[in-house]
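In: pasting the structure only:
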């Protein structure tokens, strides 16, 4: 049995409610990807386990339960969103040349580019295989619901790719504006949150209003999550986050607080920001300058406030649903999205 | 409007029956991927159009019609198998570093590795989006059938990846034996033929016996197709095939006639073959030696015979189906699979 995910053992109290779901998901992942198997399968296992936060599968399980239809029947669908997520991370690491993922060598670093591409493909394609498993189980789901989930997942997958392509276009472009950044993150990060929550609502048999509420929850949650993610390099140290504070700067990736700073700053501060991010300074100096400008312009506080506002909006969407253990977990996830330090 | 595919204008007579289907598919591809669109979409269009042989979509359309259920309702599914095929080719070219595809720069060469990976992903994921479109159309398909097709396509996609991983393992291994080679090509090449024919049979509402017959047809066709493909470097010139006769040798890719030769040859000829493929000779000399050994050992003739036998087996499977225009086209495809010069 795989050791439980870090996020399970260290969660704040409200999320303790989610521990049995997490254990179920981990057990099922371990069962479906045994150690002894053909090579592609073993590499897939390496990519999937030990698992990350399993946030997206958890969202799917809880969204389904929030509309009255969770449980074992939606476990295959919950795993499928993880396959899609992990498949895309495996490819991300090829594209970005990232050697580390979750504190150990990335698939690309460990097994090479060719195997990383093929493994990512197999995971993404396997997404739709496991998703259809839900109809096979005892007490299986109606085919029409599963087919709706297929449609939602396929669209989410394509949106994720659109977001990645857009991110590449925005690289190095501080003047891209917050609007384009928000569009990009709604695609790149929001897509799988939306797929998980909308997919769960569909598979759980939610009404159109409930599907809508959970989709809106997911969109705000995705925004909060990405905004907070962009803040982490300036609020935590890299030993905690596993992210180098320098990596966004080195990659000239416009991030939320930096774009906010660019929009809020007067001309002199803006010029200093552009110089720092334009490669004119050594990386450590650039980081120090950016950090200072984020503080003095108030961009850091403003970014925090906006992230919190998005998390609050996410929670407010839950009012459309009957109060339950599941909605409490979903609310706790929204809180966690802007309070986590990794 | 995109110019019609080469294979459409130059087909042998029996396949002329398929021309209207080909035109429908090309028109639909062109409509769904307009020139004016966001970047990822434009790169996807570049990968899809001008189209290749459209063999797999044609198989799906004809298989559906052969069981009494073809026509516009299965066009989205026919396109979906092409997206899966092309997405995998886009990734293949990244992995193999191939600069050319269908006589023009590959997506990787034209747009770079990052965009090629993301475009391949978007096409593979889009496979499942367009596949679900079939239920939306007027006279749409029953959700249960489409969901069965989703399952078949997902499994085919994963099998394709397994075949690619296995091919990488076999590289440089002349002693791998014909059995492993056959397993590899059944996965790598057979998977999408099987998905197309089985998917068509499912979506067309075929009986279990009809599904089985079309699946068996596809498996034999896939074998015939790949065997003939492996023969092309020794029977056609590279201006016709677009394949360098040296590329399989340079990549140390064990191919069907070479493995057959290795199995059939006596010790001295086997030693010469191993030396030629082991990098001991300049490439042109190696090719000459291999070609000579394929002739003198009778491996070339034996490989041709086996390919033809597979095509004949494919045709014999069609006897399970009512004779129709569609079965005539499927039989013609089987003949073409071992007579084409590209």
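Out: Here it is on my side, so go on. All of these numbers come straight from a predicted model, not from anything done at the bench.
In: low-confidence regions, the stretch 201-342 of chain A specifically.
Out: A:237-247, A:250 (pLDDT under 70).
In: which residues of it fall in helices?
Out: Assigned by DSSP state H, counting those that start in this stretch, the stretch 201-342 of chain A shows helices spanning A:208-235, A:238-241, A:247-250, A:256-264, A:267-277, A:283-296, A:299-317, A:325-337.
In: what's the closest of these to residue B:315?
Out: For residue B:315, the closest of the helices of the stretch 201-342 of chain A is helix A:208-235, at 49.1 Å, according to Cβ to Cβ. Bear in mind the C-beta positions are built from the backbone N, C-alpha and C, glycine included.
In: and the closest one, what does it pack against?
Out: For helix A:208-235, the elements it packs on are helix A:55-66, helix A:177-188, helix A:190-203, helix A:247-250, helix A:256-264, helix A:299-317, helix A:325-337, judged by 3 or more Cβ pairs under 8 Å, 6 or more residues apart in numbering or on different chains; DSSP states H and E.
In: of those, which is nearest residue A:103?
Out: Using Cβ to Cβ, these put helix A:247-250 closest to residue A:103, at 14.8 Å.
In: what segments of the stretch 51-200 of chain A are strands?
Out: A:100-101, A:104-105 (DSSP state E, counting those that start in this stretch).
In: and the first one, which strands flank it?
Out: Paired neighbours of strand A:100-101 in the sheet (DSSP bridges): strand A:104-105 (antiparallel).
In: give me the contacts around the partner strand.
Out: Residues from elsewhere that reach strand A:104-105 (Cβ atoms under 8 Å, 6 or more residues apart in numbering or on different chains): residue A:99.
In: centre of the chain to that strand, how far?
Out: 19 Å (Cα atoms, centre = their mean, to the nearest Å).
In: again, but for stretch A:84-92
Out: So, by Cα atoms, centre = their mean, the centroid of stretch A:84-92 is 11 Å from its chain's centroid.
In: ok, stretch A:87-107 next?
Out: Between the centre of stretch A:87-107 and the centre of its host chain there is 15 Å, according to Cα atoms, centre = their mean.
In: that older thread, out of the helices and strands packed on helix A:208-235, deepest packed?
Out: Among those, ranked by average contacts under mean count of other Cβ atoms under 10 Å in any protein chain shown, first place goes to helix A:190-203 (a mean of 30).
In: elements contacting that helix?
Out: Using 3+ Cβ pairs under 8 Å, 6+ apart, helix A:190-203 sits against helix A:55-66, helix A:75-96, helix A:143-170, helix A:208-235.
In: please identify the most buried of those helices.
Out: helix A:55-66 (a mean of 28).
In: next, the angle from that one to helix A:190-203.
Out: Interaxial angle, helix A:55-66 versus helix A:190-203 (axes from the mean of the first three to the mean of the last three Cα atoms, to 10 degrees): 30 degrees.
In: so which residue is smack in the middle of chain A?
Out: Taking Cα atoms, centre = their mean, the centroid of chain A lies closest to residue A:189, which sits 5.5 Å from it.
In: could you measure from the residue nearest to residue A:173 when sequence neighbours are not counted over to chain B?
Out: In this structure, residue A:173 finds its nearest non-sequential neighbour in residue A:254, 6.3 Å apart by Cβ to Cβ, 6 or more residues apart in numbering or on different chains. For residue A:254, the distance to chain B equals 17 Å [Cβ to the nearest Cβ, to the nearest Å].
In: how about residue A:226?
Out: According to Cβ to the nearest Cβ, residue A:226 stands 18 Å off from chain B.
In: which residues are in contact with that residue?
Out: With the criterion set at Cβ under 8 Å, 6+ apart, residue A:226 makes contact with A:185, A:188, A:189, A:190, A:256.
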